[in-house]
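*Asks:* The following block contains a protein sequence and its predicted model.
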Amino acid sequence: MSDPKNPFVHSLTLSSIQLVKVCVLSVTLLPIRLLIALICLTLATILAVVGLKGLEKGDIDKRPFTGWRLAVRNVICYILRFMFFCSGFSVTIVGKQASPEDAPILAVAPHSSFFDALAVCVMGAPSVVAKAETSSIPFWGSLIKYTQPVLVHRLDTNSRLNTIKQITERSEGRGWQQVQIFPEGTCTNRSCLITFRLGAFYPGVAVQPVLLKWDNMTDCVTWTWEGIEAWRIIVYTLSQFYTNLTIEYLPPYNPTKEEVQDPKLFAANIRAVMADRLGVTTTDCNYLDYLRIEKSRTLVKKVQKLQRKMLMPLIEATSEEKQLTVNMDLLGERLGVAQDLSELSVVEELCGKVDLRNLRLVTLLATEEDALETFLAQTFIMYNPELGPDKVSSESLEGVLSTVMLLNQKEAKEAVVNMSKGEDDLVVDKKDLADFLLNKKPNYVKVLRCWEGVDLLTAAGMGDLLAMSASLTKEMNRRMEKVAESGSNLLSAGKEVVSDVSATITASRDKVTDVLSSAVTSLHKRTGSGNIGSKSETSDNKKLD
């Protein structure tokens, strides 16, 4: 099952029957399939290495393969298709693949698994657009290079322009095989189509949409940012009797003049056609959202490190009673740490030079239960309070989105324009911000959720711990003195009680003796017998003694 609101999440729960089947086939069928796959990959890799022999690094991109190198590529495709067949994969083809002249570019979606490589083999190994890191993967690296790929260096700012240039040259050149691209740019759970990257649409040439459908009762193939590990996917998938894949070729899409001039419109229209055919929705999320999530988690760790160095909780250091505009030269004094402390860099990263409101905001996100509700409430309280509790200026919101949501300046501005009535509207309403985050950019909310459960109140530094320890020791000493004093008083009171009891017993004994003596005297007087009384008195005195 998958979260329909998040295309980057996939979870798999196997039924009891499926578990039994996986357990049985993983020790019987799986080893055989893995052995065949290893043999096929080794053979294909050897052929690819031989085919690349004698070529310099730049030669791969200069001209299309011909002659024996082209024949080797076709043989590699057949070997890999045989490997997938032996691994239980069954392919159904709907429609017809267009020629390079009719559609120089193939846009394949949805991209949900590394097993989508099977579609590349079926399509005759077109030039794939892939991450540069894939070319160094064991076995697959050489095979990817042999497709004469367009490699994307995601962290290189110039890579985007170079990629567009290469795709354009190949789509307009003669003799090149088709360029095949997964326009989503990452794997999803196929619940919707995410924003298409624009590389395939800048050339303004015909594009053939290609749909991939994994029609299986148990979805073992999907590989997303949040989901089961790659090795489990391999084990579960190869422990099925068969795995179905349908490849559907839609008619080539020829762009209009407006679409040629506007690649965003071109990409959006092709995505709409593919989504309609698949029967799914579209969303504005893309893989960059998850890069922000990872960066946000790093930011959380930096704030935690700062808190451990401080002598007071951040929630107290940034309280509303204190001035949130501070000179950075006095920041260390304000937070109770050394001015040259390296951990202070996170404050400048969040707040710039003088404004601590962003630090206050992320601290509140960490201490409250619901980060989204806190963000919506505090953003409109802390920034532009003069506009009221439900409005914030576009400029302030852009700054918050840049630092807390980790958007770049262009993305933050576009987001604010989408939330407001247009570029000329200088104010954003709270309900528009909530609607934008919940319905259009759900992964922005996940960036906020990274702060949930970060207990900065208990992440006290050593100074706090020492102060707490000293306070506790002092309190314990005070209580021990009180107990000792109470014990001394109790002992004195006990002695007094014992003395009183002893005196009472002595007095009682004297009284009893007096009473007995009086009773005997009275008896002698009543009998009137002197001798007898004398003997009796002597006898009685002996008894008393």
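*Replies:* That came through, no problem.

*Asks:* so who does the closest residue to residue 185 other than its chain neighbours touch?
*Replies:* Spatially, and ignoring its direct neighbours in sequence, residue 185 is nearest to residue 197 (4.6 Å; Cβ to Cβ, 6 or more residues apart in numbering). C-betas here are computed from N, CA, C, even on glycine. By Cβ atoms under 8 Å, 6 or more residues apart in numbering, the contact set of residue 197 is 181, 183-185, 267, 286.

*Asks:* what about residue 197, which SS state?
*Replies:* At residue 197 the chain is in coil, as set by DSSP: H, G, I helix; E, B strand; the rest coil.

*Asks:* now do residue 151
*Replies:* Per three-state DSSP, residue 151 ends up strand.

*Asks:* and it, how many residues sit next to it?
*Replies:* 20 (other Cβ atoms under 10 Å).

*Asks:* from what I can see it touches residue 136, true?
*Replies:* No. Judged on Cβ atoms under 8 Å, residue 151 makes no contact with residue 136 at a distance of 10.5 Å.

*Asks:* so where do the strands sit in the protein?
*Replies:* Ranges of strands within the chain are 89-94, 105-109, 127-131, 150-152, 179-181, 192-193, 207-213, 243-249, 281-282, 391-393, 427-429, based on DSSP state E.

*Asks:* Given the first one, what are its sheet partners and their directions?
*Replies:* The strands beside strand 89-94 in its sheet (DSSP bridges) come out as strand 243-249 (parallel).

*Asks:* which residue sits closest to residue 332, ignoring its sequence neighbours?
*Replies:* Closest to residue 332 by Cβ to Cβ, 6+ apart is residue 339, at 3.5 Å.

*Asks:* Pull the contacting residues for that neighbour.
*Replies:* Residue 339 neighbours (Cβ under 8 Å, 6+ apart): 329, 331-333.

*Asks:* ok, back up a step: so of the strands of the chain, which one's packed in deepest?
*Replies:* strand 179-181 (a mean of 27; mean count of other Cβ atoms under 10 Å).

*Asks:* Please enumerate residues in contact with that strand?
*Replies:* By Cβ under 8 Å, 6+ apart, strand 179-181 touches 104-108, 120, 123, 126-129, 150, 167, 170-171, 197, 199-200.

*Asks:* Can you tell me which of the contacts of residue 197 end up in helices?
*Replies:* residue 267 (DSSP state H).

*Asks:* By neighbour count, which of the contacts of residue 197 wins?
*Replies:* residue 181 (28 neighbours).

*Asks:* Pull up the per-residue confidence for it.
*Replies:* Looking at residue 181, its pLDDT reads 93.

*Asks:* And it, how close does it get to residue 120?
*Replies:* The gap separating residue 181 from residue 120 is 11 Å, by Cβ to Cβ, to the nearest Å.

*Asks:* list the residues that contact both of the two?
*Replies:* residue 128.

*Asks:* quick one: low-confidence parts of the stretch 1-150 of the chain?
*Replies:* 1-5 (pLDDT under 70).

*Asks:* Kindly apply the preceding question to the chain instead.
*Replies:* In the chain (pLDDT under 70), the answer is 1-5, 154-157, 286-287, 320-323, 328, 353-354, 421-425, 455-545.

*Asks:* let's see 50
*Replies:* 1-4, 461-468, 490, 497-498, 501, 512, 515-516, 519-520, 522-545 (pLDDT under 50).

*Asks:* all helices of the stretch 1-150 of the chain, in order?
*Replies:* Counting by DSSP state H, counting those that start in this stretch, the stretch 1-150 of the chain has helices at residues 16-52, 59-62, 67-86, 117-122, 140-146.

*Asks:* Which among those is found nearest to residue 427?
*Replies:* Between residue 427 and these, the tightest spacing by Cβ to Cβ is seen for helix 117-122, at 48.4 Å.

*Asks:* Counting neighbours, which bits of the closest one end up buried?
*Replies:* Under the neighbour-count criterion of 16 or more other Cβ atoms under 10 Å, helix 117-122 has 118-122 buried.

*Asks:* Most neighbours of all the contacts of residue 339, which one?
*Replies:* residue 331 (19 neighbours).

*Asks:* Contacts only, for that residue.
*Replies:* 339, 344, 347.

*Asks:* circling back to that earlier point, want to throw the strands of the chain into CSV with distance to residue 230?
*Replies:* Shown next, in CSV, are the strands of the chain (distance: least, Cβ to Cβ, whole Å):
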stretch, distance to residue 230
strand 89-94, 17
strand 105-109, 20
strand 127-131, 15
strand 150-152, 21
strand 179-181, 22
strand 192-193, 23
strand 207-213, 18
strand 243-249, 16
strand 281-282, 27
strand 391-393, 43
strand 427-429, 42
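
*Asks:* Thought residue 443 was touching residue 285, still the case?
*Replies:* Yes. Counting by Cβ under 8 Å, residue 443 is a contact partner of residue 285 at 4.9 Å.

*Asks:* Overlap of the contact sets of the two?
*Replies:* 6, 8.

*Asks:* State the number of residues packed around residue 338.
*Replies:* Neighbours of residue 338 (other Cβ under 10 Å): 12.

*Asks:* List the residues that contact the closest residue to it other than its chain neighbours.
*Replies:* Take residue 338 and drop its neighbours on the chain: the residue closest to it by Cβ to Cβ, 6+ apart is residue 332, 5.5 Å away. Shown in contact with residue 332 (Cβ under 8 Å, 6+ apart): 338-341, 344.

*Asks:* Nearest to residue 374, out of the strands of the chain?
*Replies:* strand 391-393 (14.9 Å).

*Asks:* which helices and strands does that closest one pack with?
*Replies:* helix 371-382, strand 427-429, helix 430-435 (3 or more Cβ pairs under 8 Å, 6 or more residues apart in numbering; DSSP states H and E).

*Asks:* any chance of the ones you listed in a markdown table, with distance to residue 73 too?
*Replies:* Output for the helices and strands packed on strand 391-393, formatted as a markdown table (distance: least, Cβ to Cβ, whole Å):
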| stretch | distance to residue 73 |
| --- | --- |
| helix 371-382 | 51 |
| strand 427-429 | 54 |
| helix 430-435 | 50 |
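
*Asks:* Go through those and pick out the most buried.
*Replies:* Most buried among these, given mean count of other Cβ under 10 Å as the contact rule, is strand 427-429, at a mean of 20.

*Asks:* Count the neighbours of residue 22 for me.
*Replies:* Residue 22 - counted by other Cβ under 10 Å - has 20 other residues nearby.

*Asks:* Verify the contact between it and residue 239 for me.
*Replies:* Yes. Between residue 22 and residue 239 there is a contact under Cβ under 8 Å: 4.5 Å.

*Asks:* Now do the residue lying closest to residue 60 once chain neighbours are set aside against residue 67, distance only.
*Replies:* Nearest residue to residue 60, sequence neighbours excluded (Cβ to Cβ, 6+ apart): residue 148, at 5.4 Å. Distance, residue 148 to residue 67, using Cβ to Cβ: 14 Å.

*Asks:* Of the two, give the one with the bigger neighbour count.
*Replies:* More crowded of residue 148 and residue 67, by other Cβ under 10 Å: residue 148, with 23 against 7.

*Asks:* For that one, list the residues it contacts.
*Replies:* 60-61, 64-65, 127, 177.

*Asks:* Over to residue 86?
*Replies:* 33, 36-37, 40.

*Asks:* got those residues as CSV, with distance to residue 383 and neighbour count columns?
*Replies:* Below are those laid out as CSV (distance: Cβ to Cβ, whole Å; neighbours: other Cβ atoms under 10 Å):
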residue, distance to residue 383, neighbour count
33, 59, 18
36, 62, 15
37, 57, 18
40, 60, 20
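
*Asks:* I appreciate the help and will end here.
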